[in-house]
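Q: mind looking at a prediction? Sequence and model below.
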Amino acid sequence: MINYLLHVQYDGTNYAGWQIQKNAPTIQQKITDAIEVILKEKVNLIGSGRTDSGVHALGQMANFKTEKNFDLNKFLYSLNSLLPVDISIKNIKKVSEDFHARYSAISRSYIYFFSHYKSPFFEKYSYHYHNVLKLDISKLNELSKVFLGEHDFTSFSKVNDDFNNKSCIIHEIHWKRVKDFTIFYIKANRFLHGMVRTLIGTLLYTAEKNFQQDYLMDILEKKDRTKAREAVPAKGLFLYKVRY
């Protein structure tokens, strides 16, 4: 079997997330259907991880296997021709047969965009949060350090999350301002469902109330989703990069 790796980008606005679901459009389903039209066979498309409904991706990775050895450039052109305008395959390459888009990943990173003013051109891909410019970036960065390292993130994951192990290792986490945006960045070995958006929402609340790191530590230790704050909207979140 030949193993092919896809670099996928998508606007998640019109989809119920990455993973195939019954009676709802998903990115995985769209790409799988297009591949099967070209190859005329069933394939199992494996993503590096799920993204929730409305979340976008600059660097989603996915692999599939087939006996067919095809021209990569022609296949890439054909695949993109069949996909809707809000999903694209940036590139494709052959990888080792034992490569797995999800389990071979070393780390994943996400970015979240806050727009500093209301704009029709930012609306779909950022959150215009009225208080974001009032918040001290250095304060947000200091608070965020609480999450560095390995922690149980039960308090920050969806209640119906089907992962038994809620432990994640955060490698990097920071905030910065770039022109018209405040940008949040986080890199970890893995993420739970809804975790990034809930972390951001809780950090914003903590900074606004001028609470200290012990407030966040207490939420972590409680292992109770009701202790964390409301998640920020999905539209500002992008799966940025997957490292292998």
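A: Okay, I see it.
Q: quick check: bridge partners of the spatially most central residue of the chain?
A: Centroid-nearest residue in the chain, with C-alpha atoms, centre = their mean: Leu239, separated by 3.3 Å. Counting by DSSP bridges, Leu239 forms beta bridges with Ala57, Tyr110.
Q: that one and Gln9: what is the separation?
A: Distance of Leu239 to Gln9, computed by C-beta to C-beta, to the nearest Å: 9 Å. Quick note: C-beta positions are derived from backbone N, CA and C, even for glycine.
Q: between those two, which contacts overlap?
A: Ala57, Leu58, Gly59, Gln60 (C-beta atoms under 8 Å, 6 or more residues apart in numbering).
Q: of all pairs in the residues you listed, which one is the farthest apart?
A: For the shared contacts of Leu239 and Gln9, the farthest-apart pair by C-beta to C-beta is Leu58 and Gln60; their separation is 8.0 Å.
Q: more neighbours, the two?
A: Each of Leu58 and Gln60 has its neighbours counted (other C-beta atoms under 10 Å); Gln60 has more, 31 against 16.
Q: and the more buried one, helix, strand or coil?
A: At Gln60 the chain is in strand, as set by DSSP: H, G, I helix; E, B strand; the rest coil.
Q: restricting to C-alpha, output stretch 36-51 in CSV.
A: The C-alpha trace of stretch 36-51 is given here as CSV (Å, rounded to 0.1, in the frame of the first residue of the first chain):
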residue,chain,number,x,y,z
GLU,A,36,-13.1,8.2,-4.0
VAL,A,37,-14.4,9.8,-7.2
ILE,A,38,-10.9,10.1,-8.6
LEU,A,39,-9.6,6.7,-7.4
LYS,A,40,-12.9,4.8,-7.9
GLU,A,41,-12.4,3.0,-4.6
LYS,A,42,-13.2,3.5,-0.9
VAL,A,43,-10.5,5.2,1.2
ASN,A,44,-10.0,5.8,4.9
LEU,A,45,-8.9,9.4,5.3
ILE,A,46,-7.3,10.0,8.7
GLY,A,47,-6.9,13.5,10.1
SER,A,48,-4.3,14.8,12.5
GLY,A,49,-7.2,15.8,14.8
ARG,A,50,-10.7,17.0,15.0
THR,A,51,-11.6,20.6,14.7
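Q: what's next to it, contact-wise?
A: 8, 12, 17-19, 27-28, 31-32, 35, 57, 60-66, 68, 75, 78-79, 82, 100-102, 105, 108, 190-191, 193, 237, 239, 242.
Q: got any residues that touch both of Leu58 and Gln60?
A: Gln9, Leu239.
Q: where does pLDDT dip in this protein?
A: 161-163 (pLDDT under 70).
Q: how is it carved up into domains?
A: With automatic domain parsing as the criterion, the domains of the chain are listed as 2-95, 107-243.
Q: let me see the ranges of the helices in this protein.
A: 27-39, 72-82, 137-144, 195-208, 213-222 (DSSP state H).
Q: just name the most buried of those helices.
A: Mean neighbours per residue, mean count of other C-beta atoms under 10 Å, is largest over these for helix 195-208, with a mean of 22.
Q: outside of that helix, which residues touch it?
A: 52, 110, 112, 129, 131-132, 135-136, 139-140, 143-144, 147, 153, 156-157, 168, 184, 186, 215-216, 219, 225, 228-234, 237.
Q: out of these, which are buried?
A: Neighbour counting with 16 or more other C-beta atoms under 10 Å marks 52, 110, 112, 129, 132, 135, 140, 143-144, 147, 153, 156-157, 168, 184, 186, 215-216, 219, 225, 228-229, 231-234, 237 as buried within the contacts of helix 195-208.
Q: restricted to strands, list these.
A: If you go by DSSP state E, these have Tyr110, Tyr112, Cys168, Phe184, Ile186, Leu237 in strands.
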